[in-house]
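1. what follows is a predicted protein model with its sequence.
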Amino acid sequence: MNSQVQPKVIIHGGAGSSLQGKGGLEAVRRSLHTIVESVYALVLSGKTASEAVLLGCKMLEDDPRFNAGTGSVLQSDGQIRMSASLMDGTSGRFSGVINISRVKNPIDLVHFLQNSPDRVLSDCGAAELARELQVPNYNPLTDLRLQEWIQERRDNFKTSMAGVVAEPELGQSSNAGRGTIGVVVLDSYGSLAVGTSTGGKGFERIGRVSDSAMPAGNYANIYAAVSCTGIGEDIIDECLAAKIVVRVTDGMSLEDAMQRSFSEASKNQRDLGAIALDATGKISWGKTSQVLLAAYHDGLTIADTLEWNNGQLVGCC
């Protein structure tokens, strides 16, 4: 592999409607930029794309503002169930956990499963793995998410999903988002990896499965890597991440693959977003939602998509 490749990193913290205020936007920007900087420093030090994805996902999971790990939304029965996956583009291995509870970092279990013969585990199987690995019991509940659920219960769960970002003032904006976190990395060896983690959409039926633990929402090979966010059912219906990667594999440029895929999603009235990298270091992102909470390091500077033109469908750098 080429040891002279310039590393690239792009991460996201969900997609949906605008944040309630400038304070919320600036706080999200600080969080995303700090994480991008840390992940980029790790790949510059010689760590692999998968190791960098693991760090980035853990940092996003640990930030209570985002709907993954600490700060995950509650399902209809008041319980938190999280899902996550990781795919290493060089090995071609996908691993994931579905609807796991009482752990701090679902992505840690996913990383372990990369070298397991059984690489995707659901609820009780994932919980048993956590016990075998002696992962400490952890409650990811935050007061903001609890209050969000209590408020929704009073309204008889009229809202279809919880807020993408936890903000101090709950209200109309709290139900206008889709919460997922994702990290895509091209390392200095030319390898790609991607990880995606979520607390779900909130208030959902028990047993509902997110796209975040499917190739539809998280996919990579040696040519491209994509992490999706938005309404999971829409992402699954489009098979968005795998579709984009396959198009790049078949010779389409990343920018064209994103443009075509998002044009199709828009025509089908999907509500989603995605971040992507290809093996040449091209960075791309797209959305049909109003806002995509993403930030990236292009090798020179850190930038983000937080005030990205709402009329624009796909961006590249």
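-> Here it is on my side, so go on.

2. any idea how far residue 143 is from the residue lying closest to residue 64 once chain neighbours are set aside?
-> Using Cβ to Cβ, 6 or more residues apart in numbering and skipping the chain neighbours, the partner closest in space to residue 64 is residue 71 (3.6 Å). Glycine gets a C-beta too; all of them are placed from N, C-alpha and C. Between residue 71 and residue 143 the distance is 10 Å, computed by Cβ to Cβ, to the nearest Å.

3. show me which of these two is the more surrounded one.
-> With other Cβ atoms under 10 Å as the criterion, residue 71 and residue 143 differ in neighbour count, and residue 71 comes out ahead with 24 against 9.

4. run through the residues that contact the more buried one.
-> Contacts here follow Cβ atoms under 8 Å, 6 or more residues apart in numbering; on that basis residue 71 touches 63, 64, 65, 140, 142, 144, 145, 166, 199.

5. quick one, longest helix in the chain?
-> helix 22-44 (DSSP state H).

6. list the helices and strands that one packs on?
-> strand 8-16, helix 49-62, strand 181-186, strand 291-297, strand 302-304 (3 or more Cβ pairs under 8 Å, 6 or more residues apart in numbering; DSSP states H and E).

7. angle of it against helix 49-62?
-> Using axes from the mean of the first three to the mean of the last three Cα atoms, to 10 degrees, the inter-axis angle of helix 22-44 relative to helix 49-62 is 150 degrees.

8. pull out the buried positions in helix 22-44.
-> For helix 22-44, the neighbour count (16 or more other Cβ atoms under 10 Å) marks 24-25, 27-29, 31-33, 35-36, 39-40, 42-43 as buried.

9. so for these, which is the shakiest by pLDDT?
-> Taking pLDDT as the measure, those have their low point at residue 24 (81).

10. and the gap between it and residue 109?
-> Look at residue 24 and residue 109: by Cβ to Cβ, they are 31 Å apart.

11. go on, residue 32?
-> The spacing between residue 32 and residue 109, counted by Cβ to Cβ, is 24 Å.

12. how far is stretch 49-66 from where the chain is centred?
-> Its chain's C-alpha centre and that of stretch 49-66 lie 9 Å apart, by Cα atoms, centre = their mean, to the nearest Å.

13. can you show me the strands along the stretch 101-250 of the chain?
-> Taking DSSP state E, counting those that start in this stretch to define them, one finds strands in the stretch 101-250 of the chain at 120-122, 177-178, 181-186, 192-198, 218-220, 224-230.

14. for the fifth one, packing partners?
-> Using 3+ Cβ pairs under 8 Å, 6+ apart as the contact definition, the elements that strand 218-220 packs against are strand 82-88, strand 93-100, strand 192-198, strand 224-230, helix 240-249.

15. dump the ones you listed to CSV, plus distance to residue 218, mean pLDDT and mean neighbour count.
-> As requested, the helices and strands packed on strand 218-220 are arranged in CSV below (distance: least, Cβ to Cβ, whole Å; pLDDT from 0 to 100; neighbours: other Cβ atoms under 10 Å):
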stretch, distance to residue 218, mean pLDDT, mean neighbour count
strand 82-88, 5, 98, 30
strand 93-100, 8, 98, 24
strand 192-198, 4, 99, 32
strand 224-230, 6, 98, 33
helix 240-249, 6, 98, 23
